[in-house]
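In: This is the structure alone, sequence omitted:
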């Protein structure tokens, strides 16, 4: 059958309907060539489970743009008195709520019958949200109310992409909760997706929503768990949603909120957002203005801004509330900076280490061999300060930082202006470089403050580490909970765990033992101290800068900027750390990884945690690969089947070979020859599989669900 005919398009449309769960042969759900009162025929009429029409679907042949069917679609919809029109040529799908919108919009899939029914049900009770009161018990500050009113006004104008910039600590989550509640009360939405950066923040968001919106049940969707369709708000991470979203039609969520997700959510992994035909709302504490994007010290920051603004189709946020405004109006606390560097840290051009300064006898053989390579025939090596705690460590440097922190806490310090300032004793976050660095600092801080502990077994200082390749802290959530709710630990050393999104108003000190070029990350780290805590008489917070990061970003406690802090020309910026050496070592099976494959009572496979982790990792790689390809609808359906196969055999599959097309489910759909046809010959199929295997099975480690995208140095 020629591909240019409308009949060929209808074969593909039938398949698309089946993909989202429509029953084509029950005589109730879908009517074909449906004769209307004026004798014309609608290609498809989509009905609810009782057979009542909800939408028409106008089919066009592949060579015609679906939009050319608008006039016919509206004619049929008028005669049937239905609110929705779908337009499709088998490749592209467009959706149109024609009585309320001037133009149709392209969507990724047809809506399922259930999703279409839910949308239609809201039309009966839908109200103008601007006339629905904002719950000021949830978000009662003037700027929060102004933000919600702005978002509502923009929605009423037909805008479907909205971006909010609100400084860390000003209540973005509460504002979002009040906005969600208003839209639910106005019957504008029925389901919400709330995306966060890490699973720890998902739980924090769930607690906040349960407190502020108890009438709207929400839950955290974790990797490998089932959707709870009865709940109104789904909270999850980017990585989890990347592995789950293809299971649902584009109509499943009516509102999608992205809270400080890392840059890739608006770049190569934006498919998880673009899939759903819901209002898109982005929440960020990062100033997003195009004029700043090309002047930032870290190019990744500029790319993040550009990708974010491009995704939301704006040149500036829909609503802004800056740090400067928040501090000036008393909603956030100001800060002071204490700067001190060790001699080695301050060596902008690097510092020299002599061969005879090292205790070679204390080194293991591997370390000794590595240093021999570094020294070569020379008696000295020059160390870049930015490689400290990555390639090199100086124990005395870490001890000096700890001693200095304790000394300034106890005695204060008189600055060059003659004013003596003293930080407040209390909860402290220390930002470290690696897991080893965090563990070392936590032990040193704990020993330095041993006299402040009520008993020896109590930890005055502890550490939490996101899984950055050398292992996560297994009890991180417990440590964080104790830090927030109990007297001890007083100090927590963090690697990529408390940098963003963490909410503990009692934090009064931040210790910068990690350097970053990223203005975005720097501002997020700084934001951990800005929240008010009148119950401890918090007047502000202190940043202890031991690595020169405040100078690099031009931060000055006398002049708090509302936008990006801009680096001042103060010497050469730290260079890139050396690459870690690759070790040629023996490898063997770890006995601890051996386990039985188990089944539940229904005969379904119960996958191990290792399998789920591997499946999620491969799914993330697959999604990144897919985002770089342009497939037609049939190719995409085949690709999704390949993805399912990869995830099902995650622990054993090391490549996707052409022979797999002879196995189910491919064998039920034409097998290998069908794959050859779909991908334009054996050469095209071979090329496609080669790129897939390179991206999915040979690539580097994908980001953890609890780890921000590692674009920050």
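Out: In hand now; what should we look at? Note that the coordinates shown come from a computational prediction; the quantities given were computed from them, not determined experimentally.
In: which residue ranges form the strands in the stretch 201-350 of the chain?
Out: With DSSP state E, counting those that start in this stretch as the criterion, the stretch 201-350 of the chain has strands at 218-220, 233-237, 255-259, 279-284, 319-321, 335-339.
In: Let me know which of these is the nearest to residue 157.
Out: Each of the strands of the stretch 201-350 of the chain was scored for nearness to residue 157 using Cβ to Cβ, and the closest is strand 279-284 (12.3 Å). Glycine gets a C-beta too; all of them are placed from N, C-alpha and C.
In: Which one of the strands of the stretch 201-350 of the chain lies nearest to residue 691?
Out: Closest to residue 691 of the strands of the stretch 201-350 of the chain is strand 233-237 (Cβ to Cβ; 26.8 Å).
In: centre of the chain versus that closest one, how much separation?
Out: Distance of strand 233-237 from its chain centroid, counting by Cα atoms, centre = their mean, to the nearest Å, is 11 Å.
In: between it and strand 255-259, how big is the angle?
Out: Interaxial angle of strand 233-237 relative to strand 255-259 (axes from the mean of the first three to the mean of the last three Cα atoms, to 10 degrees): 40 degrees.
In: Show me which positions of stretch 63-75 end up buried.
Out: Neighbour counts over stretch 63-75 (16 or more other Cβ atoms under 10 Å) mark 66, 67, 69, 70, 72, 73, 74, 75 as buried.
In: thinking again about what came up before, got the strands of the stretch 201-350 of the chain as JSON lines, with mean neighbour count columns?
Out: Shown next, in JSON lines, are these (neighbours: other Cβ atoms under 10 Å):
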{"stretch": "strand 218-220", "mean neighbour count": "21"}
{"stretch": "strand 233-237", "mean neighbour count": "24"}
{"stretch": "strand 255-259", "mean neighbour count": "24"}
{"stretch": "strand 279-284", "mean neighbour count": "23"}
{"stretch": "strand 319-321", "mean neighbour count": "22"}
{"stretch": "strand 335-339", "mean neighbour count": "18"}
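In: Give me the domain ranges for the protein.
Out: Listed domain ranges for the chain are 6-125, 129-321, 332-345+390-552, 351-383, 597-697 (source: automatic domain parsing).
In: Between the ones you listed, which has the poorest mean confidence score?
Out: Among the domains of the chain, domain 351-383 carries the lowest mean pLDDT, a mean of 71.
In: Mind jotting down where the helices sit in the stretch 451-600 of the chain?
Out: Taking DSSP state H, counting those that start in this stretch, the helices of the stretch 451-600 of the chain run over residues 476-485, 519-526, 549-552.
In: Just name whatever secondary elements the second one is in contact with.
Out: This points to helix 519-526. Judged by 3 or more Cβ pairs under 8 Å, 6 or more residues apart in numbering; DSSP states H and E, helix 519-526 is in contact with helix 299-312, strand 507-512.
In: ditto for the last one
Out: For helix 549-552, the elements it packs on are strand 335-339, judged by 3+ Cβ pairs under 8 Å, 6+ apart.
In: C-terminal to the strand it packs on, which secondary structure element comes first?
Out: Counting by DSSP states H and E, the next helix or strand C-terminal to strand 335-339 is strand 351-354.
In: partner strands of that following strand, parallel or antiparallel?
Out: Partner strands for strand 351-354, per DSSP bridges, with pairing direction: strand 380-383 (antiparallel).
In: Just after the partner strand, pick out the following helix or strand.
Out: helix 395-411.
In: Find out how far that next one is from the centre of the chain, if you would.
Out: Distance of helix 395-411 from its chain centroid, counting by Cα atoms, centre = their mean, is 36 Å.
In: Please work out which residues outside that helix touch it.
Out: Applying Cβ atoms under 8 Å, 6 or more residues apart in numbering, the external contacts of helix 395-411 come out as 338, 340, 342, 344-345, 388, 422-423, 425, 437, 440-441, 444-445, 448-449, 509, 511, 513, 544, 546.
In: quick revisit: select, out of the helices and strands packed on helix 519-526, the one closest to residue 673.
Out: Minimum separation from residue 673 across the helices and strands packed on helix 519-526 (Cβ to Cβ) falls at helix 299-312, 39.6 Å.
In: so what secondary structure elements neighbour that closest one?
Out: strand 161-166, strand 279-284, helix 290-293, helix 519-526.
In: Name the SS class of residue 55, please.
Out: Assigned with DSSP: H, G, I helix; E, B strand; the rest coil, residue 55 falls in the strand class.
In: and it, bridged to which residues?
Out: Following DSSP bridges, residue 55 is listed with bridge partners residue 46, residue 84.
In: Using TSV, lay out the helices of the stretch 451-600 of the chain together with mean neighbour count and distance to residue 187.
Out: Shown next, in TSV, are those (neighbours: other Cβ atoms under 10 Å; distance: least, Cβ to Cβ, whole Å):
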stretch	mean neighbour count	distance to residue 187
helix 476-485	17	37
helix 519-526	24	36
helix 549-552	21	49
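In: Which among those is found nearest to residue 102?
Out: Closest to residue 102 of those is helix 519-526 (Cβ to Cβ; 36.9 Å).
In: what's in contact with the closest one?
Out: With contacts defined as Cβ under 8 Å, 6+ apart, helix 519-526 is touched by 168, 260, 285-287, 296-298, 301, 304, 323, 335, 431, 499-500, 510, 512, 516, 543, 549, 553, 555, 564-565, 712.
In: again, but for stretch 443-454
Out: In this structure, residues lying in contact with stretch 443-454 by Cβ under 8 Å, 6+ apart are 398-399, 402-403, 405-406, 430, 456, 459-462, 488, 490-491, 493.
In: 7 Å - rerun?
Out: Contact with stretch 443-454 is made by 398, 399, 402, 406, 459, 460, 461, 491, as judged by Cβ atoms under 7 Å, 6 or more residues apart in numbering.
In: any chance of the residues you listed in CSV, with distance to residue 143 too?
Out: Shown next, in CSV, are these (distance: Cβ to Cβ, whole Å):
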residue, distance to residue 143
398, 41
399, 44
402, 39
406, 39
459, 39
460, 38
461, 36
491, 33
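In: Now distance to residue 662 too, for the helices and strands packed on helix 299-312, in CSV please.
Out: Putting the helices and strands packed on helix 299-312 into CSV (distance: least, Cβ to Cβ, whole Å) gives the following:
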stretch, distance to residue 662
strand 161-166, 44
strand 279-284, 41
helix 290-293, 50
helix 519-526, 49
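In: re the thing from before, quick one: which of the buried residues of stretch 63-75 sit in helices?
Out: 70, 72, 73, 74, 75 (DSSP state H).
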